[in-house]
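K.L.:
return atomic coordinates for the entry below.
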Amino acid sequence: MVRLNWTDEAKYCLKNIHDYIALDNPQVAKNVVKKIREKAQILKSFPESGGQYQNLERKDVRVIYYTHYRIAYLIVDAQRIDIIGVFHGAMELKKYIK
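P.N.:
Residues are numbered from 1 along each chain as shown. The predicted structure follows:
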């Protein structure tokens, strides 16, 4: 089975999402982060389920969605997927993914 590796950047993104939502509702913030993590679990069984993100020079970046968040990832090999970030749909990924 594929192992998901949450990069430091992806963990930082989740923390920022949590902290922003928690300003209004800490319980909702916790639940949103939990649901994002749960959504990413699908990649263990279906690593290519996300589409290639066409607006980047890097064509190896794939994206799955949870509500209005984009979970960006790379398939490193048959055993590992790196989650490289979680971004609000309004954010331009080009600024964050090199």
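
K.L.:
going by C-alpha atoms from here, please, whenever you check contacts or count neighbours.
P.N.:
Will do.

K.L.:
and the worst-scoring helix or strand of the chain on mean pLDDT, what does it pack onto?
P.N.:
The weakest-scoring helix or strand in the chain, judged by mean pLDDT, DSSP states H and E, is strand 51-52 (a mean of 75). Here strand 51-52 touches strand 61-66, going by 3 or more CA pairs under 8 Å, 6 or more residues apart in numbering; DSSP states H and E.

K.L.:
could you point out which element follows the strand it packs on?
P.N.:
Per DSSP states H and E, the first helix or strand lying C-terminal to strand 61-66 is strand 69-77.

K.L.:
which helices and strands does whichever helix or strand comes after that next one pack with?
P.N.:
Going down the chain from strand 69-77, the next helix or strand is strand 80-88, by DSSP H and E. For strand 80-88, the packing partners by 3+ CA pairs under 8 Å, 6+ apart come out as strand 3-6, helix 8-22, strand 69-77.

K.L.:
can I get these in JSON lines including distance to K44?
P.N.:
Converted to JSON lines, the helices and strands packed on strand 80-88 look like this (distance: least, CA to CA, whole Å):
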{"stretch": "strand 3-6", "distance to K44": "7"}
{"stretch": "helix 8-22", "distance to K44": "17"}
{"stretch": "strand 69-77", "distance to K44": "11"}
